[in-house]
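Visitor: sequence first, then the predicted structure, then my questions.
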Amino acid sequence: MMRFLLSCTAFSLGCFIMAISLATPQIVSSDEAGASRQLYFSQEVLPDHIAYPALMVMDKIKLSQADSKQKVYVQVQYAYRRLNHAHQLIEKGEEGLATTTITKAQKYLNHALVEGTKNESLSQEDIQYLFDSYQNFYQQVDAIPHSSSIVDNLAVQSDALADILASSLN
């Protein structure tokens, strides 16, 4: 009973802090060069928001609770969400953070592809979905205005993954 009350109290405190952080826009910066987090009220929490680490923890919990087939789809969903975040960060002028976000999006997609090709419970349609998602993802990455070489490196890595995925379709 005591453990339950402690859990409820901690959850309530977390919700209270989250509500305050979303309702009060301001910039919070640290001593590290270029490292800053913002507090703002928006429909979507971007990587520059102070609450973003909490969102990532919730995502990892959701991913760990998914079965092997769902995990592939969740990872593709996370990859696209991060790609969308990267677009928004570029619009805000935060290209460095956008590049990091694209890299993390690619990692989610890579994990989905590798797990998908190893997963025997996936149908041919599921594998085709992965292949289509993969192609669409890199078309969107190519369309992002960038001055960083990271996108070029992503293209090289994507070719290797395309070969792996194409061999699983055969």
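Guide: Structure's in. What do you need? Residues are numbered from 1 along each chain as shown.

Visitor: ranking helices and strands of this structure by mean pLDDT, which lands last?
Guide: Taking mean pLDDT, DSSP states H and E as the measure, strand 26-29 is the helix or strand of the chain with the lowest mean score, a mean of 41.

Visitor: which residues in the chain form helices?
Guide: For the chain, helices defined by DSSP state H occupy the ranges 2-23, 52-65, 68-91, 95-118, 124-143, 150-169.

Visitor: columns mean neighbour count, distance to Glu44 and mean pLDDT on top of those helices, output as a markdown table?
Guide: Backbone N, C-alpha and C define where each C-beta goes, glycine included. Converted to a markdown table, the helices of the chain look like this (neighbours: other CB atoms under 10 Å; distance: least, CB to CB, whole Å; pLDDT from 0 to 100):
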| stretch | mean neighbour count | distance to Glu44 | mean pLDDT |
| --- | --- | --- | --- |
| helix 2-23 | 11 | 11 | 72 |
| helix 52-65 | 13 | 10 | 91 |
| helix 68-91 | 19 | 8 | 91 |
| helix 95-118 | 20 | 13 | 89 |
| helix 124-143 | 15 | 17 | 88 |
| helix 150-169 | 13 | 23 | 59 |
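
Visitor: pipe those into a markdown table and attach distance to Leu46 per row.
Guide: Shown next, in a markdown table, are the helices of the chain (distance: least, CB to CB, whole Å):
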| stretch | distance to Leu46 |
| --- | --- |
| helix 2-23 | 12 |
| helix 52-65 | 7 |
| helix 68-91 | 5 |
| helix 95-118 | 8 |
| helix 124-143 | 17 |
| helix 150-169 | 18 |
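
Visitor: sweet, I'm off.
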